[in-house]
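For reference, the sequence and a predicted model appear below.
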Amino acid sequence: MTWEPERLDDQSLLAEADQGAMLPAIAAAAAQVRTAHRDASEAGVARLARDGRPRAIVVAGMGAAALAGDILAVICGYGAPVPIVTVRSGRLPGWVGAADLVMAVSSSGQTTETLAVAAEAVRRGASLMAVGAQGSPLQAVATQSSALFVPVTAQGPPRARLWSLAVPLLAGAGALGLTQDGTDLFEGVARALEDMAHRCRPSSESFVNPGKALAMELAESVPMVWGASPLTAVAAHRLALQLHENAKYPAIWGELPEALHNQLAVLDGPLAERDIFADTAERTLRLVVLREADDRPQALFKVAEDRGVPVSELIAEGVNPLERLATLIELVDYASAYLALGYGIDPTPVTSITELKARISQ
């Protein structure tokens, strides 16, 4: 596969390569926010507050569903009066019981690990909120236990439905008084997503399109993606995951300051070396730092500059934490898709994952 950046500004080539319609799915993020907030309200998410705040909230999910739990935790913040834990497996922590709320999230409603956690939560007497497809096994678990169920109506692959999964959780947290809630909040997020989608639209040329520009910086590199704060670390994780699935591209992610105590050493390794006399381009390290406007790690950038390691900076935009996180995620989603398309790869299929699931189920 050869990187051909000219593909990014050729509308016919983009449409031909994007057979799974990933770009339209990314552009639908704002609609997802509005629809998911309406669906959560109509499902009766406010009922979560009837019995008061739980002792703890556990979000169970895999992939984008687990990331929805990370979004919930970072938006509620360190000051939340209850701990929020994301479980990426098929088992609940041993301490979970009747005083706790389990949010089981699966876009398809069929994820084996999530179904196991939901059933275990019911057995232990924990409160259950389920988010998934209508008519799915997850809805059946919720119905049988008289638990709250919020339907996911968005189309496309699960990783393209992130906001359909995250917004019901945020609405539930709002009902519990753990974070801001209301139509105005989510409408502001939707407008911010629309703005970023407009700037990253396929017809916008590379020199003014932030999604295409980031893809061009990432191409032919080994990205090490760091978030400079808990909020931007969630977006850094999302970028790495989307590079894996959309672009079939390796990436490392981490969070500052922890990454400075281990991952930083990579800047002195073989992947950071550049041979300016080489006949062919080498795939060498690129540092990608996601940060908020007032948090620029100057010392880190100086260390990278001294070693000749290029740095890409992504700065969060928005008037509140959720808007800042949402716009970063929208940008990196576009960049991962454009990176795939620049290599002539359809972003949607994940053949190896599908094959592994089929082998496991046999």
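Yep, it's here.

In the stretch 101-250 of the chain, where is pLDDT below threshold?
For the stretch 101-250 of the chain, no stretch is flagged by pLDDT under 70.

Domain parsing of this structure, as residue ranges.
According to automatic domain parsing, the chain comprises the domains 5-20+192-342, 26-189.

For the residue nearest to Glu187 when sequence neighbours are not counted, the count of nearby residues, please.
Excluding the flanking residues, the one nearest Glu187 by CB to CB, 6 or more residues apart in numbering is Arg34, at 7.3 Å. Where C-beta positions appear, they are placed from N, C-alpha and C, glycine not excepted. For Arg34, the neighbour count with other CB atoms under 10 Å is 17.

With Ala293 instead?
Ala293: 9 neighbours (other CB under 10 Å).

can you check Pro83 too?
So Pro83, with other CB under 10 Å, has 13 neighbours.

residues contacting it?
56-57 (CB atoms under 8 Å, 6 or more residues apart in numbering).

can you check Ala121 too?
By CB under 8 Å, 6+ apart, the neighbours of Ala121 are 58, 60, 92, 96, 102, 104, 127-128.

How about Leu331?
Applying CB under 8 Å, 6+ apart, the residues near Leu331 are 196, 200, 210-211, 214, 314.

so which of those is the most crowded?
Gly211 (28 neighbours).

show me what contacts that one?
199-200, 331, 334-335, 337-338.

try it again with 10 Å
Applying CB atoms under 10 Å, 6 or more residues apart in numbering, we find Gly211 in contact with 8, 23, 26, 196-197, 199-202, 204, 330-339.

gap between it and Leu72?
Using CB to CB, to the nearest Å, Gly211 is found at 26 Å from Leu72.

Likewise for Ser164?
For Ser164 relative to Leu72 (CB to CB), the value is 14 Å.

Tell me which of the two has more neighbours.
Ser164 (31 against 24).

mind checking the longest helix of this protein?
helix 321-342 (DSSP state H).

what mean pLDDT does the next helix or strand after it have?
For helix 321-342, the following helix or strand on the C-terminal side (DSSP states H and E) is helix 351-361. Averaged over helix 351-361, pLDDT sits at 88.

surely the residue nearest to Glu187 meets Gly188?
No: the pair Arg34 / Gly188 is not scored as a contact, 11.3 Å apart, by CB atoms under 10 Å.

between those two, what contacts are shared?
Counting by CB under 10 Å, 6+ apart, nothing touches both Arg34 and Gly188.

what ranges do the helices span in this protein?
Using DSSP H, helices in the chain cover 11-17, 22-27, 29-43, 64-76, 112-124, 137-144, 162-175, 183-199, 210-218, 230-245, 298-306, 321-342, 351-361.

what would these look like in CSV with distance to Leu256?
Converted to CSV, these look like this (distance: least, CB to CB, whole Å):
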stretch, distance to Leu256
helix 11-17, 34
helix 22-27, 27
helix 29-43, 26
helix 64-76, 14
helix 112-124, 30
helix 137-144, 36
helix 162-175, 23
helix 183-199, 24
helix 210-218, 19
helix 230-245, 8
helix 298-306, 8
helix 321-342, 15
helix 351-361, 30
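
so which of those comes closest to Ala49?
helix 162-175 (4.8 Å; CB to CB).

how about Ala28, what does it touch?
Ala28 neighbours (CB under 10 Å, 6+ apart): 21, 35, 154-156, 160-161, 163-164, 193, 197.

Show me what Leu128 bridges to in the sheet.
Beta bridges link Leu128 to Val102, judged by DSSP bridges.

Give me the neighbour count for it.
Neighbours of Leu128 using other CB under 10 Å come to 23.

do Asp184 as well
9.

Next: Thr143.
Thr143, neighbours per other CB under 10 Å, totals 11.
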